[in-house]
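Peer 1: how does the following fold in three dimensions:
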Amino acid sequence: MAKPTRGRTVSDCPAHPLIPQPGIALRDPSLPPPILDRTVQGRIGRELRAMYVDLERQPIPQRLLDLLKKLESPEG
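Peer 2: Residues are numbered from 1 along each chain as shown. Have a look, this model is predicted:
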């Protein structure tokens, strides 16, 4: 019987479908590279900026502030 180990190695973990795997093509290399036209790029940029501006305006959750205060204290 094999002795159990404390940690897992990368080779023990199953492949994740969204992480590129060595030797596996993510797309057909014979196809041209995907291109977004300027209109689509502009819209994505505007949507992302709007999302992040809204995120910046939200208050920091009290739980996070408490955690930061605790980490900054001498007892840590």
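Peer 1: what's the neighbour count on residue 66?
Peer 2: Counted with other C-beta atoms under 10 Å, the neighbours of residue 66 add up to 10. (C-beta placed from N, C-alpha, C; glycine too.)
Peer 1: and it, what pLDDT?
Peer 2: In this model, residue 66 is scored at 95, pLDDT.
Peer 1: contacts only, for residue 40.
Peer 2: Contacts for residue 40 (C-beta atoms under 8 Å, 6 or more residues apart in numbering) come out as none.
Peer 1: and it, how close does it get to residue 34?
Peer 2: Distance, residue 40 to residue 34, by C-beta to C-beta, to the nearest Å: 11 Å.
Peer 1: name the SS class of residue 63, please.
Peer 2: helix (DSSP: H, G, I helix; E, B strand; the rest coil).
Peer 1: start at 20, not 1
Peer 2: Okay, residue one is now 20; in that scheme the one you just asked about reads as residue 82.
Peer 1: now do the helices in this structure.
Peer 2: Shown for the chain, the helices assigned by DSSP state H span residues 57-76, 81-91.
Peer 1: now render the ones you listed as JSON lines, adding distance to residue 46.
Peer 2: As requested, the helices of the chain are exported to JSON lines (distance: least, C-beta to C-beta, whole Å):
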{"stretch": "helix 57-76", "distance to residue 46": "18"}
{"stretch": "helix 81-91", "distance to residue 46": "39"}
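Peer 1: tell me which of these lies nearest to residue 42.
Peer 2: helix 57-76 (31.3 Å; C-beta to C-beta).
Peer 1: list the buried residues for the closest one?
Peer 2: Within helix 57-76, no residue is scored as buried using 16 or more other C-beta atoms under 10 Å.
Peer 1: with only the CA atoms kept, save it in PDB.
Peer 2: Only the C-alpha atoms of helix 57-76 are listed here, as PDB (Å, rounded to 0.1, in the frame of the first residue of the first chain):
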ATOM      1  CA  ARG A  57     -13.000  49.100 -34.000                       C
ATOM      2  CA  THR A  58     -16.700  49.400 -33.200                       C
ATOM      3  CA  VAL A  59     -16.700  46.200 -31.100                       C
ATOM      4  CA  GLN A  60     -13.400  47.100 -29.500                       C
ATOM      5  CA  GLY A  61     -14.800  50.600 -28.600                       C
ATOM      6  CA  ARG A  62     -17.900  49.200 -27.100                       C
ATOM      7  CA  ILE A  63     -16.000  46.600 -25.000                       C
ATOM      8  CA  GLY A  64     -13.800  49.500 -23.800                       C
ATOM      9  CA  ARG A  65     -16.700  51.700 -22.900                       C
ATOM     10  CA  GLU A  66     -18.500  48.900 -21.100                       C
ATOM     11  CA  LEU A  67     -15.400  48.000 -19.100                       C
ATOM     12  CA  ARG A  68     -14.700  51.600 -18.100                       C
ATOM     13  CA  ALA A  69     -18.300  52.000 -17.000                       C
ATOM     14  CA  MET A  70     -18.200  48.800 -15.000                       C
ATOM     15  CA  TYR A  71     -14.900  49.800 -13.200                       C
ATOM     16  CA  VAL A  72     -16.100  53.400 -12.500                       C
ATOM     17  CA  ASP A  73     -19.200  52.000 -10.800                       C
ATOM     18  CA  LEU A  74     -17.000  49.500  -8.900                       C
ATOM     19  CA  GLU A  75     -14.700  52.400  -7.700                       C
ATOM     20  CA  ARG A  76     -17.700  54.300  -6.400                       C
END
